[in-house]
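Participant: Quick one: sequence plus predicted model below, questions after.
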Amino acid sequence: MPLTLRQICLVAKDLEPAIDDLTSVLGIEACYADPDVVVFGLKNTLLAVGTNFIEVVSPIEEGTAAGRYLKRRNGDGGYMIITQTDGRETQEACRIRAASMDIRVAWELPHDTGRYMQLHPADTGGSFFEIDWDENNDPVGNWPPAGGSGWEKFVKTDVVSAIVAAELQSPDPTALARRWSAVTDIPLGRDLEDRPVINLENATIRFVEDGDGRGEGLGGIDILATDPERLLKAADAGGFRTSEMQVVICGLRFNII
C-alpha cells in the first residue's frame, strides 16, 4: 500500500524548551505553528527535516489526551506516527481493515483538499497512527498539517536530512507489528537484527522490546545525518548524548544514521 512517512509528533510538558533543544542539536528550523490545535487544548510547532517534519505538541489546558499521555509514559516522548496515502481509496481501505479489528477512529476531519484520520492508540497499540490523504498527492511537497506550502524555505539539511525509521516499543513487539501490518496491508519483514518491520515508501516502522521501562509507545526514530560530527558535538554540549550514535531529546531516542 502506498504509504509515506511525513511527520513524527512528540509531546512535551513545555513546548519552547523542547523546540530549542531540537533546533540546537539537529540544526533544523521551526516552519509552522497550527492555530487550530487549540481546540484540543494544545499548542504546537513543526520543524522541517528535509521533506519530513517533527512536530511537538504541548498541553495548555487540563484534561487533554496529550496530558494523559505525558502522565502514562512518565514525561516527554513520542506521540504520533503521521503518514500520507496516495488517495481517498487507500485511506478508506485502512479504515475498513481497522474497523474489522475493532480499532476505533480517534479523530478525523475533512480539509480543503483531503482528510485527516487518526486511529486510537489504545486499539492500534504503540502510538496514535495518523493516515491522511491530500488531493495534491505530493509526498515530498504540499502538506496540509504544515500549512500546505511555504515550509520549504525553512528546510536546512546541513546537519540532518530525513527521518528514515520510527521505532515502536512494546512488551510484545511481534504482536504489535502484526497489528500494524494488518491495518496497513503491508507485509511484515525483518531487519538485520531480526526485528519485525513494515516498510513504507520512504521509511521503516520497526518494532522492538520495551527496554526503558516506559511501556508501549513511540520510543525512537532513525535520522539521517549529513554532518554527524556537528550533531554529536552539539548533543554533547547539551548533555543529550546517550551512546556513540544516539541522543535523547524530548524523551525520544534519535538514532544517528
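Facilitator: Noted; the coordinates are in hand. Numbering: from 1, shown residues only.

Participant: Compute the distance between the closest residue to residue 241 other than its chain neighbours and residue 249, please.
Facilitator: In space, and not counting its chain neighbours, residue 241 is closest to residue 235: 4.3 Å by CB to CB, 6 or more residues apart in numbering. Glycine gets a C-beta too; all of them are placed from N, C-alpha and C. Remark: distance between residue 235 and residue 249 (CB to CB, to the nearest Å) = 8 Å.

Participant: Residues in contact with both of these two, list them for me.
Facilitator: Shared contacts of residue 235 and residue 249, defined by CB atoms under 8 Å, 6 or more residues apart in numbering, comprise residue 25.

Participant: before we move on, back to that, quick check, the residue nearest to residue 241 in a strand?
Facilitator: No - assigned with DSSP: H, G, I helix; E, B strand; the rest coil, residue 235 falls outside any strand and is helix.

Participant: Per-residue pLDDT of residue 1, please?
Facilitator: Per-residue pLDDT puts residue 1 at 54.

Participant: Could you do residue 56 as well?
Facilitator: 98.

Participant: in what helix or strand does it lie?
Facilitator: Counting by DSSP states H and E, the element that carries residue 56 is strand 52-59.

Participant: what lines up beside that strand in the sheet?
Facilitator: Paired neighbours of strand 52-59 in the sheet (DSSP bridges): strand 3-11 (parallel), strand 42-49 (antiparallel).

Participant: for the helix or strand just after it, packing partners?
Facilitator: Of the helices and strands lying after strand 52-59 in sequence (DSSP H and E), the nearest is helix 65-72. Counting contacts by 3 or more CB pairs under 8 Å, 6 or more residues apart in numbering; DSSP states H and E, helix 65-72 packs against strand 3-11, strand 52-59.

Participant: Among those strands, which comes closest to residue 99?
Facilitator: strand 3-11 (17.9 Å; CB to CB).

Participant: Pull out the C-alpha coordinates of the closest one and format them as CSV.
Facilitator: What follows is strand 3-11, C-alpha atoms only, in CSV (Å, rounded to 0.1, in the frame of the first residue of the first chain):
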residue,chain,number,x,y,z
LEU,A,3,2.1,5.0,2.5
THR,A,4,4.7,7.7,3.1
LEU,A,5,6.0,8.8,6.5
ARG,A,6,5.6,12.6,6.6
GLN,A,7,5.6,13.5,10.3
ILE,A,8,6.6,12.4,13.8
CYS,A,9,4.8,14.0,16.6
LEU,A,10,6.3,14.4,20.1
VAL,A,11,4.5,15.6,23.3
